[in-house]
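Colleague: what follows is a predicted protein model with its sequence.
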Amino acid sequence: MKPSLGRFLLIAIPFVWLLALFLAPFFIVLKISLSDVAVARPPYTPTFDLSAGWDAFMGALSELDLENYTWLTEDDLYWRSYLSSLQIAVFSTILTLLIGYPIAYGMAKAPSEWRPTLLMLIILPFWTSFLIRVYAWIGILKKEGLLNLVLMWAGLIDEPLIILNTNVAVYIGIVYSYLPFMILPLYAALERIDGSLLEAAEDLGCSRMSAFWKVTIPLSMPGIIAGCFLVFIPAMGEFVIPDILGGSETLMIGKTLWVEFFSNRDWPVSGAVAVLLLLLLVVPIVLFQKHQEKNQGTL
Amino acid sequence: MVRNFTWFNATSLTFGFLFLYLPIVLLMIFSFNESKLVTVWGGFSTKWYAEVFANKGIIDAAWVTVRVAFFSATIATVLGTIAALVLVRAGRFYGRTLFSGMVYAPLVMPEVITGLSLLLLFVSINFDRGFWTILLAHITFSMCFASVVVSSRLVTFDKSLEEAALDLGCTPLSAFIQVTLPVIAPAVVSAWLLSFTLSLDDLVIASFTSGPGSTTLPMKIYSQVRLGVTPEINALSTILVVIVSVGVITASLASKRAEARRIKEEQAAFAQ
């Protein structure tokens, strides 16, 4: 592509769109998180008014305060939400990896004429509504639900288990919903491994198990990393799953933000919650982007 | 990996697919349940389907959702294809790191952050919330998914074909339309389908960016779910799952057939 007006336009169209509708909104969130609470409606007082000119701007700058952020440190609800989100996201990611790896491995080893169908079967639930798939678990997990019916019928338990509205239900929901995100990059990495490498390892005296640890796992590392990012980052900010399957003890930052915004109508504080969540995710998001750039097109 | 498929692989696949499909299948079965209780089978009935079609709120919400999904998928695919071309072809330019960051970040950005930030943008520029704001929000996040899908196809495309077209007197635009686009067409189609379903599916971003009078189907389903499990939602969910599955399977069969035909034509061309 020669440097030309065409090239400039080609770059400018998506660039400007994303600047205006992806990047700029974050600065507005930042600005509002630094504004005063509930002095005016719509529920915040703008701290900056750009139409008022430079002096007013500088004046406003000196009035910026971290009130909303100090508020977050005073109420332990917020930091408990961050910690609990982090814990749920980390454990769900590990569980998803442990469950997803054997499935991806089985797919990669399946006869090649099955593979497109298996891939299709993995992708299909991912096309069907996320909300509906989470909702489907209510009927299974609740006290008089199908899981308890089956377990009691089989004589494994006498009393129904309380699963719905606990963190266990949230883990099940996250693992279930994000499983395709883990399997797809794992499968892409595993499918590319040259079988002769494993044969070579076994010829050189590795057992099948140690060949798996020394050859397959390291070679599937890009898939493991990509899958973990794709599960961990969105799980941190998850709202739908803790809200539908979790109970009052389930604290997740996405849910706290939602409640702050829609129930308490406190826009500046929800802005501050969002900014802190973003700060927490900056490192994994940047790492994910670097990883994507390096393996462009392997998703 | 050319290695033998063992009983271990078969078991993990079986359990994996059971885990993925059982909840959806159970939901579909119970949508035909006469009883209002989800776990008690009261006989076969289609009355919940009749109730879905009689519910004007649901029909209106479905119409808003389909319109938003159609327009946002179309615009997002165009923008996403352009963004993919920039990522794969444009080489170095000022702000490239920022650009690729903005393309990849929305893939993983928690929806609550995207939703809140777009809402605050619309409020601060005094843009009335409703159909248009949902549309703009959906275009923005879908275009990133679309560009990832298209760019994965574009990196494997042999650039010399396009260069040959340019040497033979094509303008860059006509070379793109006549040479590149037919080759990447399956990826463009899947990008459109992905954007379409992402938009159909979205609850969180739509909740933040919608205004009074524009309720999408997921928002409607969510508010019903919060009120308690209603068999009507099972029926509605079943309809949606069937529509999406039929659509996706048809599209993938069609693209597989087109791909096979293209390969055959290419072989025929080389054989001459």
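Modeller: Perfect, I can see it now.
Colleague: look up how far chain A lies from B:Ala251.
Modeller: 10 Å (CB to the nearest CB, to the nearest Å). (Each C-beta comes from the backbone N, C-alpha and C, glycine too.)
Colleague: so that residue, which of the three states?
Modeller: Following DSSP: H, G, I helix; E, B strand; the rest coil, we place B:Ala251 in the helix state.
Colleague: taking chain A, what residue is nearest to chain B?
Modeller: Residue of chain A nearest chain B, by CB to the nearest CB: A:Gly237 (2.1 Å).
Colleague: right, and that residue touches A:Thr256 too?
Modeller: No - under the criterion of CB atoms under 8 Å, A:Gly237 is not in contact with A:Thr256, lying 10.5 Å apart.
Colleague: which residues touch the residue sitting nearest the centre point of chain B?
Modeller: In chain B, the C-alpha nearest the mean C-alpha coordinate belongs to B:Leu194, at 2.3 Å (CA atoms, centre = their mean). Going by CB atoms under 8 Å, 6 or more residues apart in numbering or on different chains, B:Leu194 touches B:142, B:145-146, B:149.
Colleague: again, 10 Å this time
Modeller: Applying CB atoms under 10 Å, 6 or more residues apart in numbering or on different chains to B:Leu194 gives the contacts A:123, A:126-127, B:73, B:76-77, B:80, B:142, B:145-146, B:148-149, B:248.
Colleague: show me what counts as buried in the host helix or strand of it.
Modeller: In this structure, B:Leu194 is located in helix B:181-201 according to DSSP states H and E. Residues of helix B:181-201 classed as buried: B:183-184, B:186-201 (neighbour count, 16 or more other CB atoms under 10 Å in any protein chain shown).
Colleague: got it, and stretch B:251-264?
Modeller: Buried residues in stretch B:251-264, defined by neighbour count with 16+ other CB under 10 Å: B:252, B:255.
Colleague: circling back to that earlier point, state the distance from the residue nearest to the centre of chain B to A:Val231.
Modeller: B:Leu194 sits 18 Å away from A:Val231, going by CB to CB, to the nearest Å.
Colleague: same deal with B:Ile249?
Modeller: Counting by CB to CB - B:Ile249 and A:Val231 are separated by 26 Å.
Colleague: which one's more surrounded, those two?
Modeller: Ranked by neighbour count (other CB atoms under 10 Å in any protein chain shown), B:Ile249 and A:Val231 place A:Val231 first, with 26 against 13.
Colleague: list the buried residues of the helix or strand where that one lies.
Modeller: Using DSSP H and E, A:Val231 falls within helix A:221-236. For helix A:221-236, burial by neighbour count (16+ other CB under 10 Å) applies to A:222-236.
Colleague: who are the contact partners of the residue nearest the centre of chain A?
Modeller: Centrality entry for chain A: nearest residue to the mean C-alpha point is A:Pro234, 1.1 Å, by CA atoms, centre = their mean. If a contact means CB under 10 Å, 6+ apart, then A:Pro234 has A:89, A:174, A:177-178, A:181, A:254, A:281, B:107-111 as its contacts.
Colleague: now the stretch 1-150 of chain A, which segments are flagged as low pLDDT?
Modeller: A:1-3, A:36-65 (pLDDT under 70).
Colleague: in it, which spans are strands?
Modeller: Taking DSSP state E, counting those that start in this stretch as the test, the strands found in the stretch 1-150 of chain A are A:36-37, A:44-45.
Colleague: and the strands in the stretch 151-299 of chain A?
Modeller: Going by DSSP E, counting those that start in this stretch, the stretch 151-299 of chain A shows no strands.
Colleague: any regions of it where pLDDT drops low?
Modeller: Short version for the stretch 151-299 of chain A, where the test is pLDDT under 70: A:296-299.
Colleague: tell me which residues of stretch B:216-230 come out buried.
Modeller: For stretch B:216-230, by 16+ other CB under 10 Å, it's B:216-222, B:224-225, B:229-230.
Colleague: follow-up on the earlier one: which residues touch the residue of chain A closest to chain B?
Modeller: With CB under 10 Å, 6+ apart, A:Gly237 has these contacts: A:85, A:89, A:252-255, A:257, A:274, A:277-278, A:280-281, B:108-114, B:204.
Colleague: circling back to that earlier point, relative to A:Lys294, which of the contacts of B:Leu194 is nearest.
Modeller: Taking CB to CB as the measure, A:Lys294 lies nearest B:Val148 of the contacts of B:Leu194, at 14.1 Å.
Colleague: briefly note if the host helix or strand of the closest one comes near chain A.
Modeller: Here B:Val148 sits within helix B:131-154, counting by DSSP H and E. Yes - judged by CB under 10 Å from any CB of the partner chain, helix B:131-154 and chain A are in contact via B:136-137, B:139-141, B:143-145, B:147-154.
Colleague: near B:Thr6, how many other residues are there?
Modeller: 12.
Colleague: contacting residues for it?
Modeller: Contact partners of B:Thr6, counting by CB under 10 Å, 6+ apart, are A:106, A:109, A:208, B:12.
Colleague: take the residues you listed and write them to a markdown table, including distance to A:Thr96 and neighbour count.
Modeller: Compiled in a markdown table, these are given as follows (distance: CB to CB, whole Å; neighbours: other CB atoms under 10 Å in any protein chain shown):
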| residue | distance to A:Thr96 | neighbour count |
| --- | --- | --- |
| A:Gly106 | 16 | 24 |
| A:Lys109 | 20 | 22 |
| A:Arg208 | 25 | 11 |
| B:Ser12 | 14 | 21 |
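Colleague: end to end, how far does stretch B:195-215 reach?
Modeller: By CA to CA, to the nearest Å, the extent of stretch B:195-215 from end to end equals 19 Å.
Colleague: check which residues of stretch B:54-63 are buried.
Modeller: B:55, B:58, B:61-62.
Colleague: taking these one by one, which sit in helices?
Modeller: Using DSSP state H, B:58, B:61-62 are the members of the buried residues of stretch B:54-63 that sit in helices.
Colleague: of those, closest to A:Asp203?
Modeller: Distances from A:Asp203 to those, taken by CB to CB, are shortest for B:Ala62, at 60.3 Å.
Colleague: burial check on B:Phe30, number of neighbours?
Modeller: By other CB under 10 Å, neighbour count at B:Phe30 equals 23.
Colleague: these two touch, right, it and B:Glu232?
Modeller: No - look at B:Phe30 against B:Glu232 with CB atoms under 10 Å: they stay out of range, at 11.7 Å.
Colleague: identify the contacts common to those two.
Modeller: B:Trp48.
Colleague: check contacts around B:Val66.
Modeller: Applying CB under 10 Å, 6+ apart to B:Val66 gives the contacts B:196, B:199-200, B:216-217.
Colleague: run the last query once more with 6 Å
Modeller: By CB atoms under 6 Å, 6 or more residues apart in numbering or on different chains, the contact set of B:Val66 is empty.
Colleague: for the stretch 151-272 of chain B, which residue gets nearest to chain A?
Modeller: Taking CB to the nearest CB, the stretch 151-272 of chain B has B:Ser152 as its residue nearest chain A, at 3.6 Å.
Colleague: find the residue closest to B:Val176 in space, skipping its chain neighbours.
Modeller: Wrong residue type there; residue B:176 is Phe, not Val. Spatially, and ignoring its direct neighbours in sequence, B:Phe176 is nearest to B:Glu162 (7.4 Å; CB to CB, 6 or more residues apart in numbering or on different chains).
Colleague: ignore what I typed, I meant A:Arg208.
Modeller: Nearest one to A:Arg208, counting by CB to CB, 6+ apart, is A:Glu202 at 6.8 Å.
Colleague: residues near that neighbour, how many?
Modeller: Using other CB under 10 Å as the criterion, A:Glu202 is surrounded by 14 other residues.
Colleague: do the same with B:Ala73
Modeller: For B:Ala73, the count of nearby residues is 26 (other CB under 10 Å).
Colleague: you'd agree it is up against B:Leu193?
Modeller: No - at 7.7 Å, B:Ala73 does not count as touching B:Leu193 under the criterion of CB atoms under 6 Å.
Colleague: tell me who's in contact with whichever residue of chain B sits closest to chain A.
Modeller: Per CB to the nearest CB, B:Pro110 is where chain B lies closest to chain A, at 2.1 Å. By CB under 6 Å, 6+ apart, B:Pro110 lies in contact with A:234, A:237.
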